[in-house]
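structure, please.
(one chain, ligands or ions: 1)
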Amino acid sequence: MKKVLVIHGPNLNMVGIREPGIYGNIGIDAINEKIMSHAHELELECTIFQSNFEGAIIDKLQQSRTEFDGVVLNAGAYTHYSIAIRDAIAAIDIPVIEVHLSNVHKREEFRHTSVIAPVCVGGIYGFGKNSYLLALNALSTL
Ligand code: DQA
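Down below sits the predicted model:
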């Protein structure tokens, strides 16, 4: 069975409360339940991790090299400027899929840049919680 890691970055623990017009009313616990049940359907063994700290996300990415077959990463705002997270993804030889709840390209210009996109296998954005589920589908085919 493939082992996959889902990482929620900064402020994603606030989804459901935070800017509901953009991120929806569903909280992170309900999103995580959907992720876990979809992973189960796809016969993936799934672990979920959330942190607001760049270093903790980097530590987790480094560990995932030997512990997981792939990663679904919503790096939150770090997506747009964290070269350290980009380097951590480049350092591991397992597929990482970039996801976002919102369509970042419809939003402020600073969200149009992803410094992690060039080191990810691909990206899915704009489908709310389904962005994570679509990313699991993609990982299961790799
Ligand atoms: C986000 C988009 C980012 O620009 C933002 O900073 C987030 C959430 C998303 O899932 O839509 O925190 O990653």
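
show residues contacting the helix or strand bottoming out on mean pLDDT in the chain.
Across the helices and strands of the chain, mean pLDDT, DSSP states H and E gives its lowest value to helix 20-23, namely a mean of 89. For helix 20-23, the external contacting residues (C-beta atoms under 8 Å, 6 or more residues apart in numbering) are 15-16, 101-102, 107, 128. (C-beta placed from N, C-alpha, C; glycine too.)

can you pick the most crowded of those?
V15 (25 neighbours; other C-beta atoms under 10 Å).

what's the neighbour count on V96?
V96 - counted by other C-beta under 10 Å - has 27 other residues nearby.

check I7 too.
24.

next one: the one 4 residues further on
For N11, the count of nearby residues is 14 (other C-beta under 10 Å).

what of the one 3 residues further on?
By the criterion of other C-beta under 10 Å, M14 has 13 neighbours.

who does the nearest residue to Q50 once chain neighbours are set aside bridge with?
Closest residue in space to Q50, ignoring its immediate chain neighbours: H8 at 4.0 Å, by C-beta to C-beta, 6 or more residues apart in numbering. Beta-bridge partners for H8, by DSSP bridges, are Q50, N74.

H8: neighbour count?
The burial count for H8: 26, using other C-beta under 10 Å.

who's in contact with it?
28, 48-51, 74, 76.

relative to the ligand, how far out is the most centrally placed residue in the chain?
A centroid search over the chain (C-alpha atoms, centre = their mean) returns L73, at 2.2 Å, as the residue closest to the centre. For L73, the distance to the ligand (C-beta to the nearest ligand atom, to the nearest Å) stands at 10 Å.
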